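[1] Sequence below, structure please.
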Amino acid sequence: MENQLIRMKELKNSREKSIKKLTKVLNTLVRLEWEISSIASKTNDNISKIASKSIADSSSCVQTAISQLISTEINIVKETNEESRVVTKKNNPKLQSLRKIVLNKK
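    Below you'll find the model as predicted:
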């Protein structure tokens with residue numbers, strides 16, 4: 001239980017840092033989108049309108065990333081114990097014969 005609390009705090013801190021960085025990126029993208037949109041409207045430039053739409057799409061992706069970081073899902077890192085290491089190190093006779101077949105074919 002204590003490990004879970006420590007893990008939650010670590011995740012919270014790292015996610016907050018990422019959210020702050022992504023928020024700065026999002027703000028920059030929104031400002032740029034408005035700037036390009038206003039220029040496109042003044043000059044009646046279709047390419048600029050398409051570019052502003054692309055920026056809007058990227059802003060949407062950044063918003064999705066922020067939403068995912070805000071989620072409360074926590075992936076718990078499982079500790080490995082000696083027993084699980086021993087079990088994985090044991091060689092199954094079927095696997096050994098398969099390895100021999102594969103190695104001989106190469």
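[2] and Ser52, what does it touch?
    Glu33, Ile36, Ser37, Ala40 (C-beta atoms under 8 Å, 6 or more residues apart in numbering). C-beta here means a position set from N, CA and C on the backbone, and glycine is covered the same way.
[3] Burial check on the second one, number of neighbours?
    Under the neighbour criterion other C-beta atoms under 10 Å, Ile36 is assigned a count of 21.
[4] hmm, back to that, can you list the contacts of Ser52 in CSV and add distance to Arg7, pLDDT and secondary structure?
    Converted to CSV, the contacts of Ser52 look like this (distance: C-beta to C-beta, whole Å; pLDDT from 0 to 100; DSSP: H, G, I helix; E, B strand; the rest coil):
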residue, distance to Arg7, pLDDT, secondary structure
Glu33, 37, 95, helix
Ile36, 42, 95, helix
Ser37, 43, 95, helix
Ala40, 47, 94, helix
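[5] Now flag whichever of the residues you listed is closest to Asp57.
    Distance from Asp57 was checked for each of those by C-beta to C-beta. The minimum falls on Glu33, at 9.9 Å.
[6] sorry, back to before: for the contacts of Ser52, pick the one with the most neighbours.
    Most crowded among the contacts of Ser52, counting by other C-beta under 10 Å, is Ile36 at 21 neighbours.
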